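**Student:** got a predicted model here, sequence first, then my questions.
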Amino acid sequence: MTKQNRVLGSVLAGGVATTLSGAAAAASAEDMLASQIHYPVSEHQFFTGPEAYFTGKVEVEMLFPPNETAAYSGAYVTFEAGARTAWHSHPAGQHMIVMTGTARTGTRDGKVLEFGPGEALWCPPDIDHWHGATPDAHMKHLVLTGVKNGENVVWKEKVSDAEYGADVKAEKQAE
């Protein structure tokens, strides 16, 4: 886990909050629960999506981890054109919000849906699905992924080109 900065609730003159860097690690558990935790961009974890779980180039930016109170994490995931995840499910579900481009997602029943910037999708717990960019353009989405019993994703086999290339069904959102 990256170093966390603590932003105290006490407001100084002019409405500026005090930010402590190294002090967060030394704070008591009780104090941490009563304080905000800041995750600056400079401390985000960035990594390339592993080939075992992704087809094509995928970059992940972890925004924040789950904690004792909120059992979900957040990340930006950027897919190059044609890139996608393998089949997977989430024990506690996942919200996806498209930031740029158009997302494509599919489920085991063969339905493929596309949705664009500002649109959100809820994938319920334990539903096998995949998601990624369209064949001709990149896509970036924000994912908020639930955690259940310490687990946030169950990876499965890769999505075939036929599954990825299936026709988008009538559920496609009108623009």
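**Tutor:** Alright, I've got the coordinates.
**Student:** tell me where the model's unsure across the chain.
**Tutor:** Within the chain, the stretches with pLDDT under 70 are 1-33, 169-175.
**Student:** pick out the residue nearest the middle of it.
**Tutor:** With distances taken as CA atoms, centre = their mean, the residue of the chain nearest its centroid is residue 143 (2.5 Å).
**Student:** my guess is it contacts residue 78, does it?
**Tutor:** No. With contacts counted by CB atoms under 8 Å, residue 143 stays clear of residue 78, the gap being 11.3 Å. In this view, the C-beta of every residue, glycine as well, is placed from N, C-alpha and C.
**Student:** beta partners for the residue nearest to the centre of the chain?
**Tutor:** In this entry, residue 143 is beta-bridged to residue 75, residue 96, by DSSP bridges.
**Student:** ok, residue 54 next?
**Tutor:** According to DSSP bridges, beta-bridge pairing links residue 54 with residue 85.
**Student:** how many neighbours does it have?
**Tutor:** 22 (other CB atoms under 10 Å).
**Student:** how near is it to residue 101?
**Tutor:** Counting by CB to CB, to the nearest Å, the gap from residue 54 to residue 101 is 16 Å.
**Student:** list the contacts for the residue nearest to the centre of the chain?
**Tutor:** Under the criterion of CB atoms under 8 Å, 6 or more residues apart in numbering, the contact list for residue 143 reads 74-77, 94-97.
**Student:** among the residues you listed, name the buried ones.
**Tutor:** Buried by 16 or more other CB atoms under 10 Å: 74-77, 94-97, out of these.
**Student:** now those residues as CSV including distance to residue 135?
**Tutor:** CSV is the format used below for the buried ones among the contacts of residue 143 (distance: CB to CB, whole Å):
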residue, distance to residue 135
74, 27
75, 23
76, 21
77, 17
94, 23
95, 24
96, 19
97, 22
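**Student:** residue 124 reaches residue 92, doesn't it?
**Tutor:** No. Taking contacts as CB under 8 Å, residue 124 lies outside contact range of residue 92: 9.6 Å.
**Student:** quick one on the thing from earlier: which of the buried ones among the contacts of residue 143 lies closest to residue 50?
**Tutor:** Of all the buried ones among the contacts of residue 143, residue 50 sits closest to residue 77, with 12.7 Å by CB to CB.
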